[in-house]
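Trainee: Following is a predicted model, sequence given first.
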Amino acid sequence: MKSLILQEFRVQDKIYNLIKYSLIFFIFCSLSITLINSYENVQIFGVVFSVICIPLAFINLSAGLIKPDIEDGSLEILLTAKTPIKIVMAKYIALFTCFCLSFAMLLPLIYIIYNIPNTIFILIAASGFLLISLCAALAVLIASIQGYFRANTNFLSIIIMPLVIPSIILSGIIIQNPDNLHLLAIMIGINLIVIPPSIYLSGYLVENIYNI
């Protein structure tokens, strides 16, 4: 399992440059908000947008998760040696790790530029990592569906990714008002409801990709 995760991480980092892509995207989103807001509002808008832009980075990423493995035959080889759920988990962990690394590199920049209190900084980090874990699971699910049906299913991103909207709203509320700290528990609950079924369904689809 460890070797599978490391291999998938290398693919996402070296071939798709996922860490660089996500870091550049996060920095652009975090800094661009300073150009369209007044000085009085720039801190709160910049901080909130730095978190809620996370799901945007996952749009269309699913194309590089499962389909390339089907096209080059590596998925069929993997299925002879590994269980489908391990393959899916490796992709999920690699995707989650890449985005967590880039978001972790962004956090000091947010802290310095927007001069935020330590409490808000911790809430930004917690909300961000929870959003990343949720979006990564949904991206893997979309990739599995696209690989299973072998057709143009790009519209799935539009249908499935809105599942992250409640967590986006809760993140914004938590960051704007730290008194709503209890909402983090709701975000964790959403993740526990959405992530395991997404991983399980992805594993089922991967297992049956060559049976259709």
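Mentor: Sure, I can see it.
Trainee: Need the per-residue pLDDT for residue 111.
Mentor: Per-residue pLDDT puts residue 111 at 87.
Trainee: thought it was touching residue 120?
Mentor: No: shown here, residue 111 and residue 120 do not form a contact pair, counting by C-beta atoms under 8 Å, at 9.2 Å. Just so you know, the C-beta spots here come from the backbone N, C-alpha and C atoms, and that holds for glycine as well.
Trainee: Run through this structure and note the low-pLDDT ranges.
Mentor: Across the chain, the ranges flagged by pLDDT under 70 are 34-42, 150-157, 212.
Trainee: Which stretches in it count as helices?
Mentor: 2-10, 18-32, 39-52, 54-58, 67-71, 74-81, 84-114, 118-149, 155-160, 165-176, 183-207 (DSSP state H).
Trainee: need those helices in TSV with mean neighbour count, can you?
Mentor: Output for those, formatted as TSV (neighbours: other C-beta atoms under 10 Å):
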stretch	mean neighbour count
helix 2-10	15
helix 18-32	18
helix 39-52	18
helix 54-58	21
helix 67-71	16
helix 74-81	13
helix 84-114	20
helix 118-149	22
helix 155-160	13
helix 165-176	18
helix 183-207	17
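Trainee: which phi and psi does residue 17 have?
Mentor: phi 50, psi 40 (degrees, to the nearest 10).
Trainee: list the contacts for residue 94?
Mentor: The contact partners of residue 94, taken as C-beta atoms under 8 Å, 6 or more residues apart in numbering, are 5, 8-9, 11-12.
Trainee: Name the nearest of those relative to residue 205.
Mentor: Checking those against residue 205 with C-beta to C-beta, the nearest one is residue 8 at 17.2 Å.
Trainee: Skip the chain neighbours and tell me the closest residue to that closest one.
Mentor: Counting by C-beta to C-beta, 6 or more residues apart in numbering, residue 94 is the residue found nearest to residue 8 once chain neighbours are left out, at 3.9 Å.
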